[in-house]
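S.K.: the following block contains a protein sequence and its predicted model.
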There are 2 protein chains.
Amino acid sequence: MGDKRQISMAVVRRLPKYHRYLLELIRNDVDRISSKELSDRIGFTASQIRQDLNNFGDFGQQGYGYNVKDLYNEISNILGLHANYNMVIAGAGNLGQAIAGYSNFEKEGFRVKALFDINPKLIGLSIRDIEIFDIDNLRNYLHDNKVDIGIICTPRVQAQKVADVMVKNGITAIWNFAPTDLDVPRGVIVENVHLLDSLLTLTYRVNEPKLLDYINKDPEEIVEEE
Amino acid sequence: MGDKRQISMAVVRRLPKYHRYLLELIRNDVDRISSKELSDRIGFTASQIRQDLNNFGDFGQQGYGYNVKDLYNEISNILGLHANYNMVIAGAGNLGQAIAGYSNFEKEGFRVKALFDINPKLIGLSIRDIEIFDIDNLRNYLHDNKVDIGIICTPRVQAQKVADVMVKNGITAIWNFAPTDLDVPRGVIVENVHLLDSLLTLTYRVNEPKLLDYINKDPEEIVEEE
DNA sequence: TAGATTGTTAATCGATTAACAATC
DNA sequence: TAGATTGTTAATCGATTAACAATC
């Protein structure tokens, strides 16, 4: 019914960083902060900070700045952290187990309820009291339990199949760690964590100076021109 | 000595995806591909694909398109994958162990040589033949061994300290999984994987429709206007 | 040769930054 | 009140898309 003016992904990706820095300010007993001061810490321009925040409301006060605690709460709310989230993990290998055992998520209301794997050696074991089930039971599990987020930590070749099962059984939010892009229907939200992609941007940047030197030299052809 | 025309981060972040899709094409025995066809698969516009690639060279041929294998090799090279990389991991908890055991990296020439931790219970153990050392030995290890990439998987509070040790002992590329932004000197490259940030953008998008409805309503004030 | 498709310039679109009136 | 700082509009910058001549 509304205008639904969309928030750009560029803005959305900055929101968790605001959340993180505001928590840090609370830890340091800072009560209020101006966009200028926050800019110095977080590294975005003051102008950008004000623009970003004003997408969601008038959280500041002229002549004063922003109340740190209030702003933190506003952004928590914007990020959906007023609710708890039940999650399941497909793929109980190293990575799946690591995510299941990562305590930082629990503090924000994220709960891993079950792991699923294809490997008989893993099925039946528990990681931090979270049981590993047979992947064939994923379908039934999703039927019987309210699950908000499906996490995919399987190898590449199984990822799409798992995603299909999740989507068919009501999952609308997928956190994908498999090194492939998933094909899902409109309305299903996928957030990718492509670790190798991330590592390759690191090696790109390590090599960039040499690479650009090489490209800009281009020794053969240049001699002939004008 | 060169012009050093910089490649934008937007382009750099797309490079690993080209790499991934080209490997997929090789797997499917596709020999050549046009920007149009690649566009259909990868989801970037054909125009963008040609622009991106032309930052680095003339890899295509009019009327033909791109040779898949050649282009794959070119991009591998651009990403620095002609070399091998020695890596060490600080923090041998779940996440550190998962990364140490993640086989996808090895295929591309990445080798985890050692883990380091503060926990006496972990020190001396091995993960996939990779030994866990006392974090106090990190300094000496970096002195005695050629290490290209430092990986930080410690809790937030220890991350900066570990980064300082790495930087002081010659590391110029850091892959950071700790939920904090590192302060490093110019010339040191940091690639962050902020898992919670990623998860929060997912929950943001899950809640976005409700949130924007709420913001766009603004019931109180609107009544009074014009 | 005719058709296809690149490399590249120009046009458009969107995101960031600057500026400043409003106001606490 | 005077000073500080927001919210917001306008200007700038950069990235994406469109168009097309060059050429395989």
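M.R.: Looks like it came in fine.
S.K.: in chain A, what secondary structure element scores lowest on mean pLDDT?
M.R.: The helix or strand with the lowest mean pLDDT-type score in chain A, counting by mean pLDDT, DSSP states H and E, is helix A:219-222 (a mean of 46).
S.K.: could you chop chain A up by domain?
M.R.: Per automatic domain parsing, the structural domains of chain A span A:9-78, A:85-197.
S.K.: so is the last one next to chain B?
M.R.: In this case it means domain A:85-197. Yes - Domain A:85-197 comes into contact with chain B (Cβ under 8 Å from any Cβ of the partner chain), by way of A:85, A:93-95, A:97-99, A:101-102, A:104-105, A:108, A:110, A:148-149, A:172-173, A:175, A:179-181, A:189, A:191, A:193-197. (Each C-beta comes from the backbone N, C-alpha and C, glycine too.)
S.K.: could you see whether DNA strand C lies near the stretch of helix or strand A:Leu199 belongs to?
M.R.: Taking DSSP states H and E as the criterion, the element that holds A:Leu199 is helix A:195-217. No - using Cβ under 7 Å from any atom of the strand, we find that helix A:195-217 stays clear of DNA strand C, coming within 11.4 Å at best.
S.K.: can you pull the contacts of the residue nearest to the spatial centre of chain A?
M.R.: Geometric centre of chain A, nearest residue: A:Glu191, 6.1 Å, by Cα atoms, centre = their mean. Residues in contact with A:Glu191, defined by Cβ atoms under 8 Å, 6 or more residues apart in numbering or on different chains, are A:Ala173, A:Ile174, A:Trp175, A:Asn176, B:Ser198, B:Leu199, B:Thr201, B:Leu202, B:Arg205.
S.K.: at 7 Å what do you get?
M.R.: The contact partners of A:Glu191, by Cβ atoms under 7 Å, 6 or more residues apart in numbering or on different chains, come to A:Trp175, A:Asn176, B:Ser198, B:Thr201, B:Leu202.
S.K.: immediately after the host helix or strand of A:Ile49, which helix or strand?
M.R.: Element membership of A:Ile49, judged by DSSP H and E, is helix A:46-54. For helix A:46-54, the following helix or strand on the C-terminal side (DSSP H and E) is strand A:66-67.
S.K.: that following strand close to DNA strand D?
M.R.: Yes - using Cβ under 7 Å from any atom of the strand, we find that strand A:66-67 touches DNA strand D at A:Tyr66.
S.K.: tilt between the helix or strand just after that strand and helix B:195-217?
M.R.: Per DSSP H and E, the first helix or strand lying C-terminal to strand A:66-67 is helix A:68-78. Put simply, helix A:68-78 runs at 90 degrees to helix B:195-217, going by axes from the mean of the first three to the mean of the last three Cα atoms, to 10 degrees.
S.K.: please save the CA atoms from helix A:68-78 in CSV.
M.R.: Provided in CSV are the C-alpha atoms of helix A:68-78 (Å, rounded to 0.1, in the frame of the first residue of the first chain):
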residue,chain,number,x,y,z
VAL,A,68,24.2,6.6,21.7
LYS,A,69,21.9,4.2,23.5
ASP,A,70,18.8,5.4,21.7
LEU,A,71,20.5,5.2,18.3
TYR,A,72,21.9,1.8,19.1
ASN,A,73,18.4,0.6,19.9
GLU,A,74,16.9,2.1,16.8
ILE,A,75,19.5,0.4,14.6
SER,A,76,19.1,-2.9,16.4
ASN,A,77,15.4,-2.6,15.6
ILE,A,78,16.1,-1.7,12.0
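S.K.: quick check: mean pLDDT of whichever helix or strand comes after that helix?
M.R.: Heading C-terminal from helix A:68-78, the first helix or strand you meet, by DSSP H and E, is strand A:85-90. Mean pLDDT, computed over strand A:85-90, is 98.
S.K.: and strand A:85-90, what does it pack against?
M.R.: For strand A:85-90, the packing partners by 3 or more Cβ pairs under 7 Å, 6 or more residues apart in numbering or on different chains; DSSP states H and E come out as helix A:94-100, strand A:110-117, strand A:149-152.
S.K.: need those in JSON lines with mean pLDDT, distance to DNA strand C and mean neighbour count, can you?
M.R.: Below are the helices and strands packed on strand A:85-90 laid out as JSON lines (pLDDT from 0 to 100; distance: least, Cβ to the nearest atom of the strand, whole Å; neighbours: other Cβ atoms under 10 Å in any protein chain shown):
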{"stretch": "helix A:94-100", "mean pLDDT": "95", "distance to DNA strand C": "29", "mean neighbour count": "24"}
{"stretch": "strand A:110-117", "mean pLDDT": "98", "distance to DNA strand C": "27", "mean neighbour count": "22"}
{"stretch": "strand A:149-152", "mean pLDDT": "98", "distance to DNA strand C": "25", "mean neighbour count": "26"}
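S.K.: and chain A, which residues reach DNA strand C?
M.R.: Residues of chain A lying near DNA strand C (Cβ under 7 Å from any atom of the strand): A:8-11, A:44-45, A:47-48, A:50-51, A:61-64.
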